[in-house]
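> After the sequence you'll find the predicted model.
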Amino acid sequence: MKSYKKIIGILLTSLITLCLTSALAFAASAAESTYLRGDADGNGIVDVKDVTTIQSVLAEITDDSDKKIELRADINGDGLDISDATEIQMNIAGYENIWHIGEKAAYPQPTTEPQTTKKPVPTKDPYELPIIFN
Ligand SMILES: [Ca+2]
Ligand SMILES: [Ca+2]
């Protein structure tokens, strides 16, 4: 009887551990799939450090070859430039937030469709006259 309770205890402990691990993994993946608009450095808050990060990328001091900083900080969608830093500064100063700075956005998901290389379809002129030999 005592060993029966011990086995049930071990099973319940394993089940709880499994559930907690799954929940934490789910929470981590959800956190990695979203970001805050304007959070250039990706630390979860939008503040003056994000402005500094943008300036650092523009001065080519900070590497952004994976374009994640640009994705998070290009708040007006025209590429990362100093106007993004200015808009974030204005948002921090309390000006109207027309660019949804600080709101959650989703990272683009990689496409699962295989990349196919389509051969170009030869175009035929629909108005081409047939060549008639006499
Ligand atoms: Ca930040
Ligand atoms: Ca921009």
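That came through, no problem. Ligands and ions are numbered 1, 2, ... in the order given.

> any idea of the mean pLDDT in the helix or strand encompassing Ile10?
Ile10 is part of helix 2-33, with elements assigned from DSSP states H and E. Per-residue pLDDT over helix 2-33 has a mean of 64.

> Just the CA coordinates for stretch 86-98, please, in CSV.
Only the C-alpha atoms of stretch 86-98 are listed here, as CSV (Å, rounded to 0.1, in the frame of the first residue of the first chain):
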residue,chain,number,x,y,z
THR,A,86,12.5,61.2,-33.5
GLU,A,87,9.1,59.7,-33.4
ILE,A,88,10.1,57.5,-30.5
GLN,A,89,11.5,60.5,-28.7
MET,A,90,8.3,62.4,-29.3
ASN,A,91,6.3,59.4,-28.0
ILE,A,92,8.4,59.3,-24.8
ALA,A,93,7.9,63.0,-24.4
GLY,A,94,4.1,62.4,-24.5
TYR,A,95,3.2,63.6,-28.0
GLU,A,96,0.4,61.9,-29.9
ASN,A,97,1.3,58.2,-30.7
ILE,A,98,0.1,57.9,-34.3
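
> Which residues are in contact with Asp81?
Leu58 (C-beta atoms under 8 Å, 6 or more residues apart in numbering). The way it works is simple: take the backbone N, C-alpha and C, and place the C-beta from them, glycine included.
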